[in-house]
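Peer 1: Pasting the sequence and the predicted model now:
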Amino acid sequence: MTELPLSADLKSTVLIEALPYIQRFHGKTIVIKYGGNAMTDVALQEKFARDVVLLKLVGMNPVVVHGGGPQIGELLKRVGKQSEFIQGMRVTDDETMDVVEMVLGGLVNQDIVTLINKAGGNAVGLTGKDGNFIHARKLMLKAPDTSDEAIDIGQVGEVVRIDPGIVNLLCHQNFIPVIAPLGVGEQGEAYNINADLVAGKLAVTLQAEKLLLLTNTAGVLDQAGEVLTGLNAQRVQALIQDGTIRGGMLPKVACALDAVQNGVKTAHIIDGRVPHAVLLEVLTDEGIGTLIRGAAANRGS
Ligand SMILES: Nc1ncnc2c1ncn2[C@@H]1O[C@H](COP(=O)(O)OP(=O)(O)O)[C@@H](O)[C@H]1O
Ligand SMILES: CC(=O)N[C@@H](CCC(=O)OP(=O)(O)O)C(=O)O
């Protein structure tokens, strides 16, 4: 499709719209969760990388946490293993953990680092095992119908604590951290952690201005498939209870809520299939996707 040239007027209007956002977010940290489902198209990946580089160049501190669920699923399939999820978490036996480490810590992480560097940034890839910075412990899920029965899903972790030193160091030295969601336990054992949860905890630890969760839907959808543009804790609870929010969307809304209730200014679940979704969310008046509200957050902020 041939794109029509923009008039000079329109171009300058669009460009100047970014000024107040650049001023407001200068020096601020933006944690971006790049979901495995949002990173399947090469052209979109390149646009994502350019957005991240642009944010860095105008003085913000973008920190990327990536997923890789579909990519792990593909490699598991090739070695003859099925993926199994309970409450949005991958059941992770020892063999699965090897694949998880290979895909998250290796393939996906390095692909994103390369993309950002090709776009002119200085990205550094790391996992939570590097510098022991994401402390984790084994996650036991609660059975939905009973209050005290726990479900063991293997080598899946939850974040105990994040030591932000290495991330701050990289940001201040002009690097863009690209983080794989692997944690380390007390005995040095590795844990597979849902990337949304890592992004949320990291955003809280860094007291980020924004948490952006890029995924493969237009945002959080209601029963009719319409985007819910704003959600608070009460509404989220009701939507989980009536089954509207389920599967992979559960950890996303949970961590977004946790983030805004613990000092992150705003959390957004946005459509990673939209070209330049990050730029549109951060630098324009046009809010996209679902804004998760803490106490007092406005659209467009
Ligand atoms: N209410 C909802 N609105 C939008 N998506 C939902 C909802 N409930 C469940 N989902 C599912 O959650 C998925 C996003 O989670 P996930 O597949 O884990 O994405 P990602 O890889 O980006 O983390 C959507 O593709 C959709 O299938
Ligand atoms: C425990 C758990 O489920 N870990 C995830 C980690 C990757 C991830 O979260 O990837 P997405 O963001 O692309 O879904 C997994 O193994 O798939």
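Peer 2: Okay, I see it. Here the structure is a predicted model, which means the values were calculated and not measured. Numbers count the residues shown, from 1 in each chain. Ligands and ions are numbered 1, 2, ... in the order given.
Peer 1: For this structure, name the helix or strand with the lowest mean pLDDT.
Peer 2: One helix or strand of the chain scores below all others by mean pLDDT, DSSP states H and E: helix 8-17, with a mean of 86.
Peer 1: so what secondary structure elements neighbour the helix or strand following that one?
Peer 2: Downstream of helix 8-17, the first helix or strand assigned by DSSP states H and E is helix 19-25. Contacts defined by 3 or more CB pairs under 8 Å, 6 or more residues apart in numbering; DSSP states H and E place helix 19-25 against helix 277-283. The C-beta positions use only the backbone N, C-alpha and C, and glycine is treated the same way.
Peer 1: Put the alpha carbons of the least confident helix or strand of the chain into CSV.
Peer 2: In CSV, the C-alpha atoms belonging to helix 8-17 read as follows (Å, rounded to 0.1, in the frame of the first residue of the first chain):
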residue,chain,number,x,y,z
ALA,A,8,4.1,19.9,6.5
ASP,A,9,1.4,21.2,8.8
LEU,A,10,0.3,17.8,9.9
LYS,A,11,3.8,16.6,10.3
SER,A,12,4.8,19.5,12.6
THR,A,13,1.5,19.1,14.6
VAL,A,14,2.3,15.5,15.2
LEU,A,15,5.9,16.1,16.1
ILE,A,16,5.2,19.0,18.5
GLU,A,17,2.5,16.9,20.3
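Peer 1: What does residue 32 show for phi and psi?
Peer 2: Per-residue torsions, residue 32: phi -120, psi 120 (degrees, to the nearest 10).
Peer 1: Bridged to it, which residues?
Peer 2: residue 64, residue 212 (DSSP bridges).
Peer 1: Which single residue of the stretch 151-300 of the chain ends up nearest ligand 1?
Peer 2: Shortest the stretch 151-300 of the chain-to-ligand 1 distance, computed as CB to the nearest ligand atom: residue-wise this is residue 248, at 2.2 Å.
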